[in-house]
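> Next comes the sequence, and after it the predicted model I'd like to discuss.
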Amino acid sequence: MFIAGMLDVSRRTYSETLADAHELCEQLGEKYELSDLCLQHSGSRGWHLILRNTKKSTEELPECFEQVHKHRGRISMTTSDLRQMNTRLTESSQEILVASNRFEKLENTQPAVGSQTNQAT
């Protein structure tokens, strides 16, 4: 079944890309000695990095960090790699929704087709 295969590929892509994003977060935390760096998701920003409980100023962060904002002792930011991953995650998520809806519609129509076939004989 083509739709089920497409759904599996989209799910795998999403899972692998999210794992890559978590790995990137770990690598950046280690490289720049940011032990409180974590990956977070919001509806408005998508996946982004958060540095919690920090006294650092935004100017102290390496240049690889983009869209840096400080709010209530937390700094949120992203990187070019994370932005690319975020795009792939959004696309995969949309593909999962589309394929799931198609699969659900297909499942809902199959019993009706089968029962009509049985009634005709």
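Nice, thanks for sending it over. Numbers count the residues shown, from 1 in each chain.
> can we go C-alpha only for contacts and neighbour counts from here?
OK.
> residue boundaries of the helices in this structure?
Under the criterion DSSP state H, helices of the chain are mapped to 2-31, 80-120.
> Those helices: which one's closest to residue 59?
Closest to residue 59 of those, according to C-alpha to C-alpha: helix 2-31, at 16.7 Å.
> about what we covered before: lowest-confidence stretch among the helices of the chain?
The weakest mean pLDDT among the helices of the chain belongs to helix 80-120, with a mean of 76.
> Tell me the spatial nearest neighbour of the spatially most central residue of the chain, not counting adjacent residues.
Nearest to the mean C-alpha position of the chain, by C-alpha atoms, centre = their mean, lies residue 89 at 3.8 Å. Spatial nearest neighbour of residue 89, excluding adjacent residues (C-alpha to C-alpha, 6 or more residues apart in numbering): residue 14 at 5.6 Å.
> quick one: that neighbour and residue 71, what's the gap?
In this structure, residue 14 and residue 71 are 30 Å apart, going by C-alpha to C-alpha, to the nearest Å.
> Please say which of these two ends up with more neighbours.
In this view residue 14 and residue 71 are compared by other C-alpha atoms under 10 Å, and residue 14 has more residues nearby, 22 against 8.
> Now do that one against residue 94, distance only.
To residue 94, residue 14 is 10 Å away according to C-alpha to C-alpha.
> next one: residue 61
According to C-alpha to C-alpha, residue 61 and residue 94 sit 33 Å apart.
> Please name the nearest non-neighbouring residue to residue 22.
Per C-alpha to C-alpha, 6+ apart, closest to residue 22 is residue 39, 6.5 Å.
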